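[1] model the structure of this input:
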Amino acid sequence: GDHGLHGADVPGPPGSHLPLGYRAPELFNMDEIHGGSPWGAGTLANGDGSRQPSKLELTVATTQGKSFAEVTKKLAA
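    Numbers count the residues shown, from 1 in each chain. You can find the predicted model right below:
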């Protein structure tokens, strides 16, 4: 069903989500422009594909993926 997780089916009412929150301290980094927010990982991109995700953006995405895996593992137990 549509649970707001882009293809991930997690028990809960429609619109449920597992936001990243502030688990990734990289979100506070002001040394470079980057995507991502407490709602989740993200990247800034050019329409022509010339900008790829930065190391910082990939780190935030990895943190979110690990957090999501921990929650779903508990739900499956």
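
[2] look up how far Phe28 lies from Gln64.
    Plainly put, Gln64 is 15 Å away from Phe28 if you go by Cβ to Cβ, to the nearest Å. Heads up, the C-betas are built off the backbone N, CA and C, glycines and all.

[3] and the two? Which one has more around it.
    Gln64 (21 against 7; other Cβ atoms under 10 Å).

[4] does that one really touch Pro38, like I thought?
    No - between Gln64 and Pro38 there is no contact under Cβ atoms under 8 Å: 10.5 Å.

[5] distance of Glu32 relative to Ser67?
    Taking Cβ to Cβ, one finds Glu32 at 23 Å from Ser67.

[6] so those two - more neighbours on which side?
    Just comparing Glu32 and Ser67: by other Cβ under 10 Å the higher neighbour count belongs to Ser67, 16 against 10.

[7] need the helices for the protein, in chain order.
    55-76 (DSSP state H).

[8] residues contacting Pro25?
    With contact set as Cβ atoms under 8 Å, 6 or more residues apart in numbering, Pro25 has no partners.

[9] gap between Leu27 and Lys55?
    For Leu27, the distance to Lys55 - Cβ to Cβ - is 14 Å.

[10] now do Gln64
    15 Å.

[11] could you check what's spatially nearest to Gly40, not counting adjacent residues?
    Leu20 (5.0 Å; Cβ to Cβ, 6 or more residues apart in numbering).

[12] surely the one you found and Thr59 touch.
    No - if you go by Cβ under 8 Å, Leu20 and Thr59 don't touch, sitting 11.9 Å apart.
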